[in-house]
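> Sharing a model prediction with you, sequence too.
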Amino acid sequence: MEAASMETFQTSSPLSSSLEGDRTSSNSLSSPPTGIAPSEPAPKLVNCDRCGSSESSSSVGKQWVRLNVGGTVFMTTKTTLCRDPNSFLARLCREDELTSDRDETGAFLIDRDPAYFGPVLNFLRHGKLVLNRDLAEEGVLEEAEFYNITDLIKLLKEQITSRDRLSLTGNDTKNNVYRVIHCHEEELTRVVSSMSDGWKFEQLVNLGSHYNFAGDSPTEFLCVMSMECSPAALNNHVEPSDR
């Protein structure tokens, strides 16, 4: 009896082992590898890159400022406008300190002359004053005082003072202007006496007569006159033309 029982145990044991092995094999195929979630896909790097690019672009965009000055739009950075921290433009960048109306594009509205704002903005950009010939220094000074840009105000006042001092002391370059008048002998006295103030007699050249054989032919002269004047006075001085 014990032998039969032992035989039965030995017969059933291989089958049981085979079934258990099949279960183990089946479970090993259906189970995911260790460390990988079965239901969550790996993250996509493209989406992450896009997010990073968007944040970078947004931060850069916040540095740019649009100004609508008298109908002309200027675009610059907050760094430029804040070059003078006490100026109107620097306070404009700090919206909690100073509020301003905006146009439909979001640009700050400033009711000033755009032609004179250009030199002010360029001074904040590179620290140098560059003026076109058609712009007066006094006009730029008005804008600098409005925007309260201290260094530019000081520079313009120094230039205006130096310019006015040069004009008052008469250090302008003097030029001698010469005038030659062609006249007959009987006209000589009248021509010299009719000259305007400032002209000086320099030389009288006798041209003789065109017809030497005619004794009654009038003698002709060249009367040379000169006047000293500055270029500005010369441009404004107009003398009547003579023959």
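Ah, there it is.
> from here on, contacts and neighbour counts on C-alpha atoms
Will do.
> Following element in sequence after the helix or strand of the chain with the lowest mean pLDDT, please.
Least confident helix or strand of the chain, by mean pLDDT, DSSP states H and E, is helix 45-61 with a mean of 41. Tracing the chain past helix 45-61, the next element assigned as helix or strand by DSSP states H and E is strand 64-69.
> Next, the angle strand 64-69 makes with the helix or strand just after that next one.
With elements assigned by DSSP H and E, the helix or strand that comes after strand 64-69 is strand 72-77. Between the axes of strand 72-77 and strand 64-69, defined by axes from the mean of the first three to the mean of the last three C-alpha atoms, to 10 degrees, the angle is 150 degrees.
> Toward the C-terminus, what is the element adjacent to strand 72-77?
Strand 72-77 is succeeded, C-terminally, by helix 78-81 (DSSP H and E).
> Run through who's touching that following helix.
Q63, W64, V65, L89, A90, C93, L121, L124, R125 (C-alpha atoms under 8 Å, 6 or more residues apart in numbering).
> and W199, what does it touch?
Each residue near W199 by C-alpha under 8 Å, 6+ apart is listed here: M225, S226, M227.
> Please apply the same query to A144.
V120, T150, L152, I153.
> Help me confirm that it is found in a helix?
Yes. The assignment for A144 is a helix, going by DSSP: H, G, I helix; E, B strand; the rest coil.
> any idea how far it is from T219?
A144 sits 67 Å away from T219, going by C-alpha to C-alpha, to the nearest Å.
> so where's this structure uncertain?
Applying pLDDT under 70 to the chain flags residues 1-62, 96-98, 169-174, 209-217, 230-243.
> Show me where it has its helices.
In the chain, the segments counted as helices under DSSP state H are 2-30, 45-61, 78-81, 88-93, 114-126, 137-147, 150-168, 188-193, 231-236.
> Pull the shortest one out as CSV, backbone CA atoms only.
Output for helix 78-81, consisting of C-alpha atoms alone and laid out as CSV, is shown next (Å, rounded to 0.1, in the frame of the first residue of the first chain):
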residue,chain,number,x,y,z
LYS,A,78,13.2,99.0,-21.2
THR,A,79,17.0,99.0,-20.6
THR,A,80,17.3,102.0,-22.9
LEU,A,81,14.4,103.9,-21.4
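> Adjust the sequence numbering to begin at 21 for everything that follows.
Happy to do that; since the first residue is 21 now, the last one works out to helix 98-101.
> mind listing what the closest residue to N88 other than its chain neighbours touches?
Leaving out its chain neighbours, the residue that sits closest to N88 by C-alpha to C-alpha, 6 or more residues apart in numbering is L129, at 4.9 Å. Contacts were defined as C-alpha under 8 Å, 6+ apart; by that measure L129 touches L87, N88, V89, G90, S120, D121, R122, D123.
> Nearest to L227 among the residues you listed?
L227 lies nearest to G90 out of the contacts of L129, by C-alpha to C-alpha, at 66.0 Å.
> residues contacting the closest one?
G90 touches L129, I130, D131, R132, D133, P134, counting by C-alpha under 8 Å, 6+ apart.
> ok, now how distant is the first one from F108?
L129 sits at a distance of 13 Å from F108 (criterion: C-alpha to C-alpha).
> swap in G218?
According to C-alpha to C-alpha, G218 stands 52 Å off from F108.
> More neighbours: these two, which one.
F108 (18 against 10; other C-alpha atoms under 10 Å).
> hmm, back to that, just flag the most distant two among the contacts of A164.
The span of the contacts of A164, defined through C-alpha to C-alpha, is set by V140 and T170 at 11.4 Å.
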